[in-house]
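Colleague: what shape does this take:
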Amino acid sequence: MQTSLLVTALLMGLAGGPHCIAMCGAACAGIGQAAAPHSTRAIGTFQLGRVIGYGALGGLAAATMQGLGWLTVQSAALRPVWTMVHVAAVLMGLALVVLAQQPVWLETGARRIWTKVRSATQSMGLAAPLALADDADSFFRAVKQDNAPAMRSLLERGVDPNIKDDKGSSGLHLALQDGALKVADVLLASPRLKAESRNAADESPLMMAALKGHLDIAARLIKLGADVNKPGWAPLHYAATGGHLKLMELLLEEHAFIDAESPNGTTPLMMAASYGTPEAVKLLIEAGADIHMRNQKGMTALDFARRAERPDSVELIETALKWARQKQQGPRGTW
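Modeller: The predicted model follows:
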């Protein structure tokens with residue numbers, strides 16, 4: 001008896017193998033991709049959960065059917081019910097085979113349960129990032145259209161707010177770059193957002209906010225842990241390029257290094273002199289920027305201003321250089 005049961009179970013398992021591959025293959029691939037570089041552990045946890053879930057539900061179903069069968073033995077009136085249960089199970093199985101889809105009521109109920117479970121695991125910090133192909137397309141479409149309700153719905157369904165497009169840009173990067181500020185607000189409100197992320201050009205969301213002059217968003221990013229002194233090109237370079245005075249003041253108040261050097265030695269003052277405004281140049285000089293620094297090509301901020309043909313900035317820097325020389329020489333005596 002035991003041998004026949006084991007053989008039957010083995011044959012059923014082999015017969016159900018293709019079904020398991022078809023149903024869970026895509027899910028395993030998605031989990032492995034989302035959880036990289038911990039894909040092995042993530043897939044193992046997923047499979048363990050499947051085994052536990054199937055075992056628990058199978059045991060519950062078996063106990064229920066055994067109890068119902070026992071009741072039909074005890075009461076002849078319940079025997080038709082027992083027969084109808086078998087008939088209903090057969091009919092439902094045939095319907096699933098013919099229609100190749102779950103009943104609407106079952107699909108709706110499963111989605112409701114999934115939403116509640118996902119929300120609960122997110123609140124406990126246990127949910128893994130989720131971004132299937134269709135969700136990713138919808139995610140970036142919402143960014144492009146600045147569709148805040150659609151973005152909010154995607155995040156509530158568990159889509160990862162940090163997913164990147166094929167060029168390495170996150171949704172927040174694109175939202176700030178394209179002026180999709182409603183979507184940016186939704187993303188910033190997500191507790192799963194990583195404020196310090198980089199695109200393919202090594203730019204952070206704070207740098208994009210600085211370049212575009214989004215003061216409030218920059219302040220929120222800093223509170224969320226964005227790096228004010230990112231190595232290489234820094235947010236202050238970008239704010240100075242755009243001539244955004246309030247943003248420059250915010251970054252300096254947050255201890256941004258005023259003479260931060262890019263990979264080629266360019267400073268925020270040089271960027272302000274070449275691309276920014278005279279007011280930005282003045283702000284940096286008054287805040288203590290080094291007017292004598294040179295980049296790897298030997299160019300100073302004055303050289304940048306002259307090359308860009310910005311006479312107001314040239315005059316400001318020349319005046320600062322004059323005062324610096326006089327201060328270095330000290331007061332002259334009188335006869």
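
Colleague: M84: what's it in contact with?
Modeller: With contacts defined as Cβ atoms under 8 Å, 6 or more residues apart in numbering, M84 has no neighbours. Any C-beta I mention is one placed from the backbone N, CA and C, and that applies to glycine too.

Colleague: for the protein, which segments are assigned as strands?
Modeller: With DSSP state E as the criterion, the chain has no strands.

Colleague: tell me the pLDDT at the residue nearest to the spatial centre of the chain?
Modeller: The chain has N162 as the residue nearest its centroid, 1.0 Å off, counting by Cα atoms, centre = their mean. As predicted, N162 sits at a pLDDT of 93.

Colleague: what of V73?
Modeller: Looking at V73, its pLDDT is 68.

Colleague: got it, and the one 3 residues further on?
Modeller: The predicted local distance difference test score for A76 is 68.

Colleague: and the nearest residue to the residue nearest to the centre of the chain once chain neighbours are set aside, how many neighbours?
Modeller: Closest residue in space to N162, ignoring its immediate chain neighbours: K194 at 5.0 Å, by Cβ to Cβ, 6 or more residues apart in numbering. Neighbour count of K194, defined by other Cβ atoms under 10 Å: 15.

Colleague: for L245, give its distance to L283.
Modeller: 6 Å (Cβ to Cβ, to the nearest Å).

Colleague: in terms of neighbours, single out the busier of the two.
Modeller: L283 (21 against 18).

Colleague: ok, the more buried one to N264 distance?
Modeller: Distance, L283 to N264, by Cβ to Cβ: 23 Å.

Colleague: the residue nearest to the centre of the chain is in contact with H173, isn't it?
Modeller: No - between N162 and H173 there is no contact under Cβ atoms under 8 Å: 10.3 Å.

Colleague: overlap in contacts of these two?
Modeller: By Cβ under 8 Å, 6+ apart, the residues touching both N162 and H173 are S197.

Colleague: measure the nearest residue to A180 once chain neighbours are set aside to H86 for me?
Modeller: Ranked by Cβ to Cβ, 6+ apart and with sequence neighbours excluded, the top spatial neighbour of A180 is D146, at 3.8 Å. Plainly put, D146 is 55 Å away from H86 if you go by Cβ to Cβ.

Colleague: any low-confidence regions in the stretch 101-250 of the chain?
Modeller: For the stretch 101-250 of the chain, the stretches with pLDDT under 70 are 101-103, 106-107, 110-111, 114-134.

Colleague: T300 against D290, yeah?
Modeller: No - here T300 does not reach D290: they are 9.5 Å apart, not a contact under Cβ under 8 Å.

Colleague: the two: which is more packed in?
Modeller: Remark: of T300 and D290, T300 carries more neighbours, 20 against 15, as counted by other Cβ under 10 Å.

Colleague: return the per-residue confidence for the residue nearest to that one when sequence neighbours are not counted.
Modeller: Spatial nearest neighbour of T300, chain neighbours left out: R294 (5.4 Å); criterion: Cβ to Cβ, 6+ apart. At R294, the model reports a pLDDT of 97.

Colleague: R294 touches G265, doesn't it?
Modeller: Yes - the criterion here is Cβ under 8 Å, and R294 meets it with G265 at 7.1 Å.

Colleague: would you map the helices across the stretch 101-250 of the chain?
Modeller: 104-123, 133-145, 148-156, 171-178, 181-188, 205-212, 215-223, 235-242, 245-253 (DSSP state H, counting those that start in this stretch).

Colleague: other residues contacting the fourth one?
Modeller: When contacts are taken as Cβ under 8 Å, 6+ apart, the neighbours of helix 171-178 outside the stretch itself are 139-140, 143-144, 146, 151, 161-163, 165, 169, 180-181, 183-184, 187-188, 193, 197, 199, 203, 205, 208-209, 212, 214, 217.

Colleague: CA atoms of that helix as PDB?
Modeller: Output of helix 171-178 as PDB, limited to C-alpha atoms (Å, rounded to 0.1, in the frame of the first residue of the first chain):
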ATOM      1  CA  GLY A 171      12.700  57.200 -12.600                       C
ATOM      2  CA  LEU A 172      13.700  60.100 -10.300                       C
ATOM      3  CA  HIS A 173      16.600  61.100 -12.600                       C
ATOM      4  CA  LEU A 174      14.300  61.200 -15.600                       C
ATOM      5  CA  ALA A 175      11.500  63.000 -13.700                       C
ATOM      6  CA  LEU A 176      13.900  65.800 -12.600                       C
ATOM      7  CA  GLN A 177      15.500  66.000 -16.000                       C
ATOM      8  CA  ASP A 178      12.200  66.300 -17.800                       C
END
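
Colleague: would you mark the buried spots in that helix?
Modeller: 171-177 (16 or more other Cβ atoms under 10 Å).

Colleague: got the phi and psi for W233?
Modeller: phi -60, psi 130 (degrees, to the nearest 10).

Colleague: against M84, how distant is it?
Modeller: Plainly put, W233 is 72 Å away from M84 if you go by Cβ to Cβ.

Colleague: one more: R157?
Modeller: Counting by Cβ to Cβ, the gap from R157 to M84 is 38 Å.

Colleague: what do you get for A234?
Modeller: Where M84 is concerned, A234 sits at a distance of 73 Å (Cβ to Cβ).
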